[in-house]
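>>> Here is my input, please return the structure:
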Amino acid sequence: MKAKFMMKNILILIITITMLQMGFTSVFANEMVLTVSHVLAPTNPYQYGFERMAEIVSERTNGEIKFNIFPSASLAEEEQAIEGLQLGTIDITTVSAAPLTAFVKEFMACDLPFIFSSSQEAFDFYDGEIGDLLLEKTEKIGLIGLCWWENGFRNLTNNVRPIVTPADLKGLKIRTMYSPVHMASITALGASVTPISFGELYSAMQQGVIDGQENPVSNIEQNKFYEVQKYITLSRHFHDPSPTFISAKTWAKLTEEQRQIIKEASIEARDYMRQLGVDQEEELIENLKKEGMQVTVLTPEQLNAFKDATKDVWKGFEDQIGKEFLDKFLNALP
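Presented below is the predicted three-dimensional model:
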């Protein structure tokens, strides 16, 4: 009897342990950790936006979905991140429009110079019909567009002289992204263009491979470009929209409710990071001055000279972008 009693207790213990193990396995199985990649600094609005998005998603899914965020291109450069989403090895990213042009040519229109005069104009534009149309076009390459984030306006820096007129760029070697439109625009201003990945940019300036570059103020300040650049001109020549995507492979694993939560969270985080970027800019410019950079603010007349020099750039890309879409894009501009 004693042996039977002991066997019974052992059996109950085994069943109890098994049930507990199954329960814990179920908890872990239901937890999904999404890999998030971006190329900018941990102090950039990109990072704060993803942290806010992660909080919202975790809260509204009761902890079932969490984010593992990799800033500073520590996981991938933008082109690699796009490919990672296609493969399903990266779940979420936000990238500039430029690297998307290798996959969807219509994104080249986003790189046109001097098409917006304010951040709000750009926000309203990309939150509307054209922005939706562009995001729809990425579905064919395995990317699900969530919404449009942004990285501000791009400005010229160099280590040779102040840039006040397009003529001041003559003979300077300026880095751009691998964007045909960016390269054509800076060439039209008189500079010699050298495309270099963002991760290699600081060392290229430090070693004198290039004289200057163009980036939003946040990138310039947060990556300490002031250590290797003396002059900045607030040219605001390109606006840098940043569409945010989730991998179609990841999207397929989610329930409709989870998809809706992620979509809504990306929009709430978008509004937060956009405002943060706008609020930060003046402070960051003052920091650049304190670090020794000479800041040039162009008068309206001086700015018009830059606009005039690049006004016909779009004509060289009409065939690549597609006339029908380009006309729709240009006609929708404010």
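>>> and the helix or strand Ala122 falls within, average pLDDT?
Assigned by DSSP states H and E, Ala122 falls within helix 119-126. Summarised as a single mean, pLDDT over helix 119-126 is 98.
>>> Helix or strand next in line after that helix, which one?
helix 129-137.
>>> Which secondary structure state is assigned to Phe103?
Counting by DSSP: H, G, I helix; E, B strand; the rest coil, the backbone at Phe103 sits in coil.
>>> thinking again about what came up before, any buried residues in the helix holding Ala122, and which?
Applying a neighbour-count criterion of 16 or more other C-beta atoms under 10 Å, one finds 119, 122-123, 125-126 buried in helix 119-126. All C-beta spots, glycine's among them, are computed from the backbone N, C-alpha and C.
>>> if you go through this structure in chain order, where are the strands?
Under the criterion DSSP state E, the chain carries strands at the ranges 32-37, 65-70, 92-94, 143-158, 173-176, 192-195, 212-216, 231-247, 294-296.
>>> on contacts alone, who are the packing partners of the third one?
This means strand 92-94. Contacts defined by 3 or more C-beta pairs under 8 Å, 6 or more residues apart in numbering; DSSP states H and E place strand 92-94 against strand 32-37, helix 45-60, helix 78-87, strand 231-247.
>>> can you give me the offset of it from its chain's centre?
Distance of strand 92-94 from its chain centroid, counting by C-alpha atoms, centre = their mean, to the nearest Å, is 7 Å.
>>> Quick one: mean pLDDT for that strand?
98.
>>> Need the contact partners of it.
Counting by C-beta atoms under 8 Å, 6 or more residues apart in numbering, the neighbours of strand 92-94 from elsewhere in the structure are 34-38, 46, 49-50, 67, 76, 78, 81-82, 84-85, 146, 149, 242-247, 250.
>>> most tightly surrounded among the strands of the chain?
Among the strands of the chain, strand 92-94 has the highest mean neighbour count (mean count of other C-beta atoms under 10 Å), at a mean of 28.
>>> Sheet-wise, list the partners of it with their directions.
strand 32-37 (parallel), strand 231-247 (antiparallel) (DSSP bridges).
>>> just to revisit the earlier point, between the helices and strands packed on strand 92-94, which one is closest to Gln275.
Taking C-beta to C-beta, helix 45-60 is the member of the helices and strands packed on strand 92-94 nearest to Gln275, at 8.8 Å.
>>> Any stretches of this structure with poor pLDDT?
1-29 (pLDDT under 70).
>>> follow-up on the earlier one: format the CA atom coordinates belonging to the helix holding Ala122 as PDB.
Extracted in PDB, the C-alpha atoms of helix 119-126 (Å, rounded to 0.1, in the frame of the first residue of the first chain):
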ATOM      1  CA  SER A 119       8.200  70.900 -41.500                       C
ATOM      2  CA  GLN A 120       4.400  71.100 -41.200                       C
ATOM      3  CA  GLU A 121       4.100  71.300 -45.000                       C
ATOM      4  CA  ALA A 122       6.100  68.100 -45.300                       C
ATOM      5  CA  PHE A 123       4.100  66.400 -42.500                       C
ATOM      6  CA  ASP A 124       0.700  67.300 -44.200                       C
ATOM      7  CA  PHE A 125       2.000  66.100 -47.600                       C
ATOM      8  CA  TYR A 126       3.300  62.700 -46.600                       C
END
